[in-house]
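Participant: just to be clear, the model below is a prediction. Sequence and coordinates:
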Amino acid sequence: MAQVHLNGLNKVYPNGFEALKPSSFHIEDGEFVVLVGPSGCGKSTLLRMVAGLEEITAGELKIDDRLVNDTDPADRDIAMVFQNYALYPHMSVRKNIAYGLQNRKVGKAEIAQKVAEAAAMLNLGDYLDRKPSQLSGGQRQRVAMGRAIVRDPALFLFDEPLSNLDAKLRNQMRIEIKALQRRLGVTSIYVTHDQVEAMTMADRIIVMNAGRIEQIGTPEDVYHRPASTFVASFMGAPPMNLLPAMANKGVVEFAGTEVHRHEAVEGPLVFGVRPEDIIPDALGEMLLHVDIVEELGAHRLLHGKIGAEQVTMHVGKDTEIASGPLPVSLKPDAVSLFDRATGARL
Amino acid sequence: MSDANTAAMAAATLTQPAKRRRIKAATLFDHAVLILGALFMIVPLVMVFQMTTVPDVEIIKTGPSFVIGDQLDENFRKAMFEASGFSGENSGTNMLVNSFILGIGFAVGKIVIGMMAAYAIVYFRLRFATLAFWMIFTTLLLPLEVRILPSYEVVQRLGMLNTYQGLIIPLIASATATFFFRQYFRSVPEELVEAARIDGAGPVKFFVDILVPLSKTMIAAMFIIMFVYGWNQYLWPTMITTEEDMFTLVRGIKQITQVMEGNRIPEYGRANLLAIIAIIPPVFVVIFFQSWFVKGLTESDK
């Protein structure tokens, strides 16, 4: 259990590529933080720097007030779960889990007891004498988890641990990992490119793009109050509708309709609205010309145009959709405004 | 699945007798080729074996024949336990032991050196690691025969003539083994190294606990090649060993046929039997390790 401080952490590769621009944040004791972003955004680099697998070019990394910039990974009191599990193929499950403890000169009886505990916690009891090649993907993932928890570390690091599993198993493991982390109360950093994983698992989400932190916030914050157009379009499936609008004396107009009032804005900007914040409304002033209806069972997605702009809208399965243009309106206060040039939230 | 398959195949062969006959002809042809090839390889050996069972005089008089004589026991006793040469110390048993020491020392030495060199090249951030690798690699262009005089001189000055060290050490630097292990190590996933680092395994521990066990199929393959190669060394042992108790089998057989005192007939039977004995260990090594080797190739668990 530990706090983690990053202070201006920076990574520049020898070829001059800046994988991580100077970044600072703080992780509370027992917090589950998810780093999310598209591939190549630097999230894995950041995690690997915390793990000690990548050298830190500049800045400070502290785990529990201890500066660990140059500490060996083994001495940072961390455990890491890898995307491809990285189990030792020639060792049984038992040995895989015990290996880190053996290297730390833990007594045999204690190792046996800890391995048994971890195995019980992860339902691996029947598989302890198998080789990793005899296990399914989900079981291998559990072994990797077991290897991490048996060490009782101050910090868990997860590097896209679920991306090799099929969708159903991924949902299940997601819940298991989250429950396990809750139970053990170990501070965790979890890297993923899957925004659903980020939303469902995180206490706080850190959205990254092109080596830079775009936003740090709770899942709710990030979803409802995205700090930039990038976050707005990355989080949520389908993403937020981002539409060009004009502000005139604090009145934001889109497609000839007033959509929002905001004192301090003027001129061209981008306004964003989540698909579920557009509602069918017989009195609505905007008309959605529906092109495609996506039937998703519990709800439907309507893709169409308002004016010249492509818009996606989310309706419940019981909503009757008449043919022809659909009058819609926006939920009040569900609108985000962004600077058109920089993409930053206004 | 296999049951269903064989059932389907049986049905197919039953309903198509014409096709079945054609397959049979092709099979016959294949077997004929294989049998001819096998005979081509085995007949000389059988002839050699036949000649170990008849008295040496018979060989001079009639040459190879189909007669199986009664001299096998006697020849075996002479070959394995009776000394030849001047010092009387190079019995067959002695030479067999020397050959084993050379073959195993050669193979183990090459594997150890090759693995460690490859480990350094692949896993450590060395300046000029690539250059070092290619320099090792170019030594393939300089086999022993090219450098035999300087090698001999070095060994002689170190006082290692007529010693096992002198037989083995100058030969164990191996570009081939280094190359194969390098290729193999590069295919080991990077995450495994990282997991081991986080698990607190240092460089030596990682090598011993993880890399060596992972490489065991590669080691078996290398052992087959290198043991046979070492066992069959002829030129180097001939140069380095002048004392007869250091002779290896391959080097010693020739001497027996050369010993002609007065008008005695060379001991063909004895030499031929030693030749057959010299074949047996490499054959067994290949048979034993090949099952491992194939298992390793098909049962990839990386």
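Facilitator: Structure received.
Participant: residues of chain A that sit close to chain B?
Facilitator: Residues of chain A found near chain B (CB under 8 Å from any CB of the partner chain) are A:51-53, A:72-74, A:78-80, A:82-84, A:86-91, A:99-100, A:103-104, A:131-133, A:147. (Glycine included, C-beta is placed from N, CA and C.)
Participant: any regions of the stretch 101-250 of chain B where pLDDT drops low?
Facilitator: Along the stretch 101-250 of chain B, segments meeting pLDDT under 70 are nowhere present.
Participant: for the helix or strand harbouring B:V57, packing partners?
Facilitator: In the assignment (DSSP states H and E), B:V57 maps to helix B:56-62. With contacts taken as 3 or more CB pairs under 8 Å, 6 or more residues apart in numbering or on different chains; DSSP states H and E, helix B:56-62 sits against helix B:268-298.
Participant: count of neighbours near the nearest residue to A:A344 once chain neighbours are set aside?
Facilitator: In space, and not counting its chain neighbours, A:A344 is closest to A:S228: 5.5 Å by CB to CB, 6 or more residues apart in numbering or on different chains. By other CB atoms under 10 Å in any protein chain shown, the residues close to A:S228 number 19.
Participant: report pLDDT for A:S228.
Facilitator: The per-residue pLDDT reported for A:S228 equals 94.
Participant: host element of A:S24?
Facilitator: Assessed by DSSP H and E, A:S24 sits inside strand A:18-27.
Participant: give the next helix or strand downstream of that strand.
Facilitator: Next in sequence after strand A:18-27, counting helices and strands by DSSP H and E, comes strand A:32-36.
Participant: and that following strand, what other elements does it pack with?
Facilitator: Counting contacts by 3+ CB pairs under 8 Å, 6+ apart, strand A:32-36 packs against helix A:43-51, strand A:187-192, helix A:195-201, strand A:204-209.
Participant: most packed of those?
Facilitator: Highest mean neighbour count of the helices and strands packed on strand A:32-36: strand A:187-192, a mean of 25 (counted as mean count of other CB atoms under 10 Å in any protein chain shown).
Participant: report all helices and strands that that strand contacts.
Facilitator: Here strand A:187-192 touches strand A:32-36, helix A:43-51, strand A:155-159, helix A:195-201, going by 3+ CB pairs under 8 Å, 6+ apart.
Participant: can you dump the C-alpha coordinates of that strand into CSV?
Facilitator: Once non-C-alpha atoms are left out, strand A:187-192 reads as follows in CSV (Å, rounded to 0.1, in the frame of the first residue of the first chain):
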residue,chain,number,x,y,z
THR,A,187,-2.6,0.9,-5.0
SER,A,188,-2.9,0.0,-8.6
ILE,A,189,-2.0,1.5,-12.0
TYR,A,190,-3.8,-0.1,-14.9
VAL,A,191,-3.0,0.6,-18.5
THR,A,192,-5.6,-0.1,-21.2
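Participant: got the residues of the stretch 51-200 of chain B near chain A?
Facilitator: B:189, B:191-192, B:194-200.
Participant: now render those residues as CSV, adding neighbour count.
Facilitator: Shown next, in CSV, are these (neighbours: other CB atoms under 10 Å in any protein chain shown):
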residue, neighbour count
B:P189, 14
B:E191, 17
B:L192, 21
B:E194, 19
B:A195, 27
B:A196, 25
B:R197, 19
B:I198, 26
B:D199, 27
B:G200, 19
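Participant: got a markdown table for these, with secondary structure too?
Facilitator: Converted to a markdown table, these look like this (DSSP: H, G, I helix; E, B strand; the rest coil):
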| residue | secondary structure |
| --- | --- |
| B:P189 | coil |
| B:E191 | helix |
| B:L192 | helix |
| B:E194 | helix |
| B:A195 | helix |
| B:A196 | helix |
| B:R197 | helix |
| B:I198 | helix |
| B:D199 | coil |
| B:G200 | coil |
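Participant: what residue ranges in the stretch 1-150 of chain A score low on pLDDT?
Facilitator: Residue ranges of the stretch 1-150 of chain A with pLDDT under 70: A:1.
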